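Peer 1: Please work out how this folds:
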Amino acid sequence: MAYRHLHGQCLLLICLISTLVNGAPGFSVNQVVKSKKSDGISKEKDYREHWEEHKLKFELEFSVEEEEARRQNWERNHAFILEHNANETETFELEHNELSHLSEEEILGMMGGRLRPEGYPKNYPDDKIQPKMTIPKQLDWRNYDNHNYMAPIEDQGDCGSCWTFSATASLESRMAYVHQRPVPVLSKQMLVDCVKTEDSKGCNGGYFTDAWDYVGRAGQEKKGQEYQHHYPYIAMKWNEKKGHQECQFRGEHIGGWTNRVGDSKFHYYDIKENDPLAMKKALLSGPVSINIKGADDPRFEFLKAGHILPTYGCDNGKLDKKTGEPAYHMINVIGWGEDRKGNKYWLIRNSWGKSWSSGGYGKFQRTDKKGVVGTCGIFMQAGYPNVVKN
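Peer 2: Just a heads-up that it's a prediction; the model follows:
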């Protein structure tokens, strides 16, 4: 019996050694174990295999000459996403989207926001426009009184026309809400072609306020913004010779317009800087347009669906070598809320297509503290068009 007991121990020891060397049945010691924060991007697969999957998912085709550069761009971003998601100290995750194969220069070219200079005249709403209001705990203009007041998400493409998309989204929603009509889909290309000011120059960037002023007095006698199906967007694939055209506005298919504020020259209202309460009050009447900085930070570019971008999420954006300024990008805020864990957020709308974050919408960490610029500078520069019922 002593021999059998000793023999059994030896067999057990041999089995343990075998398991350590060869692995348990169905498991290899060479297998890479996924991080518990894995987002579905497994490290054990070859990058090239993932690259092929990415092209298939987003229906991408490249010439032989272009393929290598696109793959290198994607691999750079793939490595960043893997490293970020493996960091247990981060509270949010990243994922690939249709931007993953673009170069840093191409991403910067999409940043068409501009920062108004110091001293530029502002038009803040007075207490008659915004009296004391009851501020709800949450708001989402995609589901306001059981109605969706947001037009479908679109993609600005290579053109730095984010300012036209931001301006248009705010106008579309407010037109629908104020006039109780279906949400009109308005022409961004009209703004690219027709708004010509010192600061707003089509695919080279501009201000949403210039767009609203133009829509308020376009063609003087004939004002407004045309429907997109009559004035389609052609600037998806843009360069200096393509994407612009002569202004085609005729005032024959108007879907939206702005109203002059009293006897002033303004057709919009500004929102007080660094003031979350002022932002909420403005949102009670419809979505607003904002100008953010550092949107070329890959943490903003690849924000995973459902995750909240923290206050530092745009801090790694690059500065322009000539001006020393960050890249500005114009988007929309459409509401606010709080998740089950008590994390507060702003709901934002982007113009980079439906593959960005949650179908083109995302969440920014929200603070209700006055005097701070907020995530990505959300309170830095914001406004909305003046739309009233005639």
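
Peer 1: so what's Ile331 up against?
Peer 2: When contacts are counted by Cβ atoms under 8 Å, 6 or more residues apart in numbering, Ile331 is found next to 162, 166, 289-290, 292, 348-351. Quick note: C-beta positions are derived from backbone N, CA and C, even for glycine.

Peer 1: Just the ones in strands from those residues, please.
Peer 2: The members of the contacts of Ile331 that map onto strands under DSSP state E are 289-290, 292, 348-349.

Peer 1: So which of the residues you listed is the closest to Glu75?
Peer 2: Lowest distance from Glu75 to these (Cβ to Cβ) belongs to Ile292, with 27.4 Å.

Peer 1: Could you pull up the contacting residues of the closest residue to the closest one other than its chain neighbours?
Peer 2: Closest residue to Ile292 apart from its sequence neighbours, by Cβ to Cβ, 6 or more residues apart in numbering: Cys376 at 4.0 Å. Contacts for Cys376 were tallied using Cβ under 8 Å, 6+ apart; they are 292-295, 300, 309, 313-314, 364.

Peer 1: just to revisit the earlier point, which pair in the ones in strands among the contacts of Ile331 spans the largest distance?
Peer 2: Taking Cβ to Cβ, the two most distant members of the ones in strands among the contacts of Ile331 are Ile292 and Arg349; they sit 12.0 Å apart.

Peer 1: With neighbour numbers in mind, choose between the two.
Peer 2: The neighbour count for Ile292 versus Arg349, taken as other Cβ atoms under 10 Å, is higher for Ile292 (31 against 26).

Peer 1: Where does the prediction get shaky in the stretch 151-300 of the chain?
Peer 2: Within the stretch 151-300 of the chain, the stretches with pLDDT under 70 are 219-221, 238-244.

Peer 1: quick one: the strands in it?
Peer 2: 225-226, 254-256, 268-271, 288-293 (DSSP state E, counting those that start in this stretch).

Peer 1: Go through the ones you listed and name the closest to Gln248.
Peer 2: Nearest of the strands of the stretch 151-300 of the chain (Cβ to Cβ): strand 225-226, 8.4 Å.

Peer 1: what's the spacing between the closest one and its chain's center?
Peer 2: Put simply, strand 225-226 sits 24 Å off its chain's centre (Cα atoms, centre = their mean, to the nearest Å).

Peer 1: same deal with stretch 188-202?
Peer 2: Per Cα atoms, centre = their mean, the centroid offset for stretch 188-202 relative to its chain is 21 Å.

Peer 1: Any chance of a markdown table for the contacts of Ile331, columns distance to Asp368?
Peer 2: Rendered in a markdown table, the data for the contacts of Ile331 read as follows (distance: Cβ to Cβ, whole Å):
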| residue | distance to Asp368 |
| --- | --- |
| Cys162 | 27 |
| Ser166 | 23 |
| Ser289 | 21 |
| Ile290 | 17 |
| Ile292 | 19 |
| Ile348 | 17 |
| Arg349 | 21 |
| Asn350 | 23 |
| Ser351 | 27 |
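
Peer 1: What residues sit buried inside stretch 319-332?
Peer 2: For stretch 319-332, the buried set under the neighbour-count rule, 16 or more other Cβ atoms under 10 Å, comprises 326-332.

Peer 1: what's the most distant pair in those?
Peer 2: Maximum distance among the buried residues of stretch 319-332 (Cβ to Cβ): 19.5 Å, for Pro326 and Asn332.

Peer 1: Setting aside sequence neighbours, what's the nearest residue to Ser357?
Peer 2: Leu303 (4.6 Å).

Peer 1: cool, and Gly157?
Peer 2: Using Cβ to Cβ, 6+ apart, the nearest residue to Gly157 is Met236, at 3.2 Å.

Peer 1: ok, that neighbour to Leu108 distance?
Peer 2: According to Cβ to Cβ, to the nearest Å, Met236 and Leu108 sit 17 Å apart.

Peer 1: So for those two, which sits in the more crowded spot?
Peer 2: Leu108 (17 against 14).

Peer 1: Tell me which residues touch the more buried one, please.
Peer 2: Residues in contact with Leu108, defined by Cβ under 8 Å, 6+ apart, are 296, 318, 327.

Peer 1: change it to 10 Å
Peer 2: Shown in contact with Leu108 (Cβ atoms under 10 Å, 6 or more residues apart in numbering): 102, 160, 295-296, 317-318, 320, 327, 329.

Peer 1: And Asn143, by the same measure?
Peer 2: Going by Cβ under 10 Å, 6+ apart, the list of residues near Asn143 reads 149-150, 335.

Peer 1: quick one on the thing from earlier: of the buried residues of stretch 319-332, just say which sits nearest to Asp193.
Peer 2: Checking those against Asp193 by Cβ to Cβ gives Met330 as the nearest, at 17.9 Å.

Peer 1: ok, the closest one - contacts?
Peer 2: So Met330 contacts 111-114, 160-167, 169, 205-208, 211, 289-292, 295, 350-351, 381-382 (Cβ under 10 Å, 6+ apart).

Peer 1: circling back: the residue nearest to Ser357 - how many residues pack around it?
Peer 2: 26.

Peer 1: Quick one, grab the pLDDT at it.
Peer 2: What the model reports for Leu303 is a pLDDT of 98.

Peer 1: repeat for Lys45
Peer 2: 57.

Peer 1: Straight-line length of stretch 58-70, end to end?
Peer 2: End-to-end distance for stretch 58-70: 13 Å, by Cα to Cα, to the nearest Å.

Peer 1: Same question for that stretch: list its buried residues.
Peer 2: So stretch 58-70, judged by 16+ other Cβ under 10 Å, has buried residues Arg70.

Peer 1: ok so, going back, what's the closest of the contacts of Ile331 to Lys57?
Peer 2: Using Cβ to Cβ, the contacts of Ile331 come closest to Lys57 at Asn350, 19.2 Å.

Peer 1: Could you count how many residues lie near the closest one?
Peer 2: Neighbours of Asn350 under the rule other Cβ under 10 Å: 26.

Peer 1: Run through the residues that contact it.
Peer 2: By Cβ under 10 Å, 6+ apart, the neighbours of Asn350 are 153-156, 162, 165-166, 169, 295, 300, 303, 329-332, 356-357, 360-362.
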